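Visitor: how would this look folded up:
(2 chains)
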Number of protein chains: 2
Amino acid sequence: MIRTGIAGYGNLGRGVELAIRRNPDMKLAGFFTRRPPETLKTLDPSVPVWRLDDAAAHTDDIDVLIICGGSATDLPVMTPRLARLYNVVDSFDTHAHVPDHFSNVDAAARETGHVALISCGWDPGMFSLARLYSMCILPDEDHPESYTFWGPGVSQGHSDAVRRIPGVVDARQYTIPVEAAVEAVKRGDHPELSAREKHRRVCYVAVAEGADKALIEKKIKEMPDYFSDYDTTVHFVSLAELKEKHGGLPHGGSVIRSGKTGRDFEHTQTIEYKLTLDSNPEFTAGVLCAFARAVAKLSLRGDRGCKTVFDIAPADLSPLSGEELRAHFL
Amino acid sequence: MIRTGIAGYGNLGRGVELAIRRNPDMKLAGFFTRRPPETLKTLDPSVPVWRLDDAAAHTDDIDVLIICGGSATDLPVMTPRLARLYNVVDSFDTHAHVPDHFSNVDAAARETGHVALISCGWDPGMFSLARLYSMCILPDEDHPESYTFWGPGVSQGHSDAVRRIPGVVDARQYTIPVEAAVEAVKRGDHPELSAREKHRRVCYVAVAEGADKALIEKKIKEMPDYFSDYDTTVHFVSLAELKEKHGGLPHGGSVIRSGKTGRDFEHTQTIEYKLTLDSNPEFTAGVLCAFARAVAKLSLRGDRGCKTVFDIAPADLSPLSGEELRAHFL
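Guide: Below you'll find the model as predicted:
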């Protein structure tokens, strides 16, 4: 049994708590939290909840620790710190800062003989794998990059941005791929797409009584970075409707690569990897658990240092033996 | 530069010849053939063509050899034999015989210090990877297997079977997934599907003058294993139309896994990996080249023995460094 710990108990930590139950070779060893431990309402009261400050006290109880913190401020500090004590997995998703995060975590893990795996989830994560595999099997120096479309799904960052506008009580923002762009990519047109041509944004907004809806809509649509480069639709709804119809965290998207083969490049070959997710954090949790298994295996083999999903042989994600995998799943 | 050889010059060998040109770090070192070498019309006359019987004479010229033979009789003999001389890759696709083939090739490669990778292509190959990844991130003991649909595409085995019927001059058989089954799987229904419920078959057949079309159609539809378990449509066309409209080798399909997450399994999560290929052998060739690169890397690192796509870390498929991959593709 792989004794698995969880650091952080938000949406993602709760998803991992559930996902561990679906993996018969994994056992939930305990939680670390910055909150008073007794305030955590976890599913199984027999699983210990420890203070994150006491992380050093439980190294004998955990084979791999899944760190469920935010990428902006939590993970850059938590992951290197915890990689000094444990084999760890995180879901660091700030693409631009991956190289720095990697080198910080790598130094900590190597110094202390641990294995760490960063940026695990669906993007970065499964979508990164889809990009890498498809790029390698359909190489094209003129078109090295594949296309990634996100949604339809709830973007938490954009929802938060709308919520910060005065007069807004609650909001949900859906990111939606532009269908014509998806079709052009699948056809192999290699279109050059602006942000506006790739995705559109739809907001459902509940406002305080007497709030100036026209002004709020204008503020949303003109918000730089988040909305001004996109076609945005704003729907005002009651708080009750927002909670009832938009309470979930669905997401998904697709990675598409189209390449030409043949003597005269006359054949179009298209690869699509598509996710349709009712729950973004619960799916991410499933990915984290599979890679946590691989981290535990690598550590047992004496490997160390920081890895990404690119470095993990797929067989290591499975509880089955090589023989079983070859006989039944190849 | 990875000096890559090709053994066999049919559709697949010609595909690999083209694919090597798209991989800037690979160089075509030469061909092996059972035919008289001077009869091969290859693309670049400066690339040597050798007799397969002289395979032992060129071990200094080749880093990895891609074996492009048939799975029924060629590869079970060729791959173990050539793995004694070279690092090799093959596309052995008889799923039921993979364990035997693996152990034969593994013994040969280990004894002589080579790396071999078998069963590489799209199924087995990329579809196997899609099955493994999705099974590991959405584990479900009640529904361990994912769904694989093939087509729309030309099945060579079924086309050959039709051609063997007396009176048939030429034929093409398309395998087509049943749309209702695909939709049920995507919805997460976990349907139990018979062969007939998963795929249907459409044949385009050119017959000799005076042939009994009704009898030929009956023979096709009642042919055991190949057609009798499926809904089959037969279209009689002229030889000219067959060659003009059905001369290509398109194929594709999808691997779909749907799983439930959440405290009450209330969330459906769906993963789809889909290929739409104008040329089946040219796509397979692209997969073979990427894994040939990995085999060359593994050999340089001192690894040995037989591998499958499950054993290869994705980063090893790419000519880029870990730093480059993390910075631009994660």
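
Visitor: Using CSV, write out the CA atom coordinates for the helix ranked longest in chain A.
Guide: In chain A, with assignment by DSSP state H, the single longest helix is helix A:280-300. What follows is helix A:280-300, C-alpha atoms only, in CSV (Å, rounded to 0.1, in the frame of the first residue of the first chain):
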residue,chain,number,x,y,z
ASN,A,280,-12.3,20.0,-12.7
PRO,A,281,-10.7,19.5,-9.2
GLU,A,282,-11.8,15.9,-9.0
PHE,A,283,-10.3,15.0,-12.4
THR,A,284,-7.1,16.8,-11.5
ALA,A,285,-7.1,14.7,-8.3
GLY,A,286,-7.2,11.5,-10.3
VAL,A,287,-4.2,12.6,-12.3
LEU,A,288,-2.3,13.5,-9.1
CYS,A,289,-2.9,10.1,-7.6
ALA,A,290,-1.7,8.2,-10.7
PHE,A,291,1.5,10.2,-10.7
ALA,A,292,1.9,9.9,-7.0
ARG,A,293,2.0,6.1,-7.5
ALA,A,294,4.8,6.7,-10.1
VAL,A,295,6.7,8.9,-7.7
ALA,A,296,6.5,6.2,-5.0
LYS,A,297,7.8,3.6,-7.4
LEU,A,298,10.7,5.8,-8.6
SER,A,299,11.7,6.5,-5.0
LEU,A,300,11.8,2.8,-4.2
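
Visitor: Give me the contact status of it with chain B.
Guide: Yes: residues of helix A:280-300 contacting chain B under CB under 8 Å from any CB of the partner chain: A:E282, A:F283, A:A285, A:G286, A:V287, A:C289, A:A290, A:R293. The way it works is simple: take the backbone N, C-alpha and C, and place the C-beta from them, glycine included.

Visitor: avg pLDDT for that helix?
Guide: The average of the pLDDT scores along helix A:280-300 is 98.

Visitor: do stretch A:181-194 as well
Guide: Here the average pLDDT along stretch A:181-194 is 94.

Visitor: is that stretch anywhere near chain B?
Guide: Yes: under the criterion of CB under 8 Å from any CB, chain B is reached by stretch A:181-194 at A:K186.

Visitor: what's the span of that stretch from first residue to last?
Guide: 10 Å (CA to CA, to the nearest Å).

Visitor: buried ones in that stretch?
Guide: A:A181, A:V182, A:A184, A:V185, A:K186, A:G188, A:H190, A:L193 (16 or more other CB atoms under 10 Å in any protein chain shown).

Visitor: cool, and stretch A:29-36?
Guide: Buried-residue list, stretch A:29-36, by 16+ other CB under 10 Å: A:A29, A:G30, A:F31, A:F32, A:T33.

Visitor: how about these in JSON lines, adding distance to chain B?
Guide: What follows is those, written out as JSON lines (distance: CB to the nearest CB, whole Å):
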{"residue": "A:A29", "distance to chain B": "19"}
{"residue": "A:G30", "distance to chain B": "20"}
{"residue": "A:F31", "distance to chain B": "17"}
{"residue": "A:F32", "distance to chain B": "22"}
{"residue": "A:T33", "distance to chain B": "20"}
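
Visitor: possible to save those residues as CSV with distance to B:D44 and secondary structure?
Guide: Below are those laid out as CSV (distance: CB to CB, whole Å; DSSP: H, G, I helix; E, B strand; the rest coil):
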residue, distance to B:D44, secondary structure
A:A29, 60, strand
A:G30, 63, strand
A:F31, 62, strand
A:F32, 61, strand
A:T33, 64, strand
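
Visitor: Walk me through the domains of chain A.
Guide: A:2-123+A:281-323, A:126-278 (automatic domain parsing).

Visitor: Isn't A:D63 up against A:T4?
Guide: Yes: the criterion here is CB atoms under 8 Å, and A:D63 meets it with A:T4 at 6.8 Å.

Visitor: what's the overlap in contacts for those two?
Guide: A:A29 (CB atoms under 8 Å, 6 or more residues apart in numbering or on different chains).

Visitor: okay, the two: which has more neighbours?
Guide: Taking neighbours as other CB atoms under 10 Å in any protein chain shown, A:D63 and A:T4 compare with A:T4 leading, 28 against 20.

Visitor: As a check, name the ranges of all strands in the stretch 101-250 of chain A.
Guide: A:115-117, A:147-150, A:153-154, A:168-177, A:199-207, A:232-236 (DSSP state E, counting those that start in this stretch).

Visitor: Tell me if the first one is near chain B.
Guide: No: judged by CB under 8 Å from any CB, strand A:115-117 stays clear of chain B, getting no closer than 11.8 Å.

Visitor: ok now that strand, how far from the chain's centre?
Guide: Offset of strand A:115-117 from its chain centre (CA atoms, centre = their mean, to the nearest Å): 17 Å.

Visitor: What of the last one?
Guide: In this view, strand A:232-236 has its centroid 26 Å away from the chain centroid, taken as CA atoms, centre = their mean.
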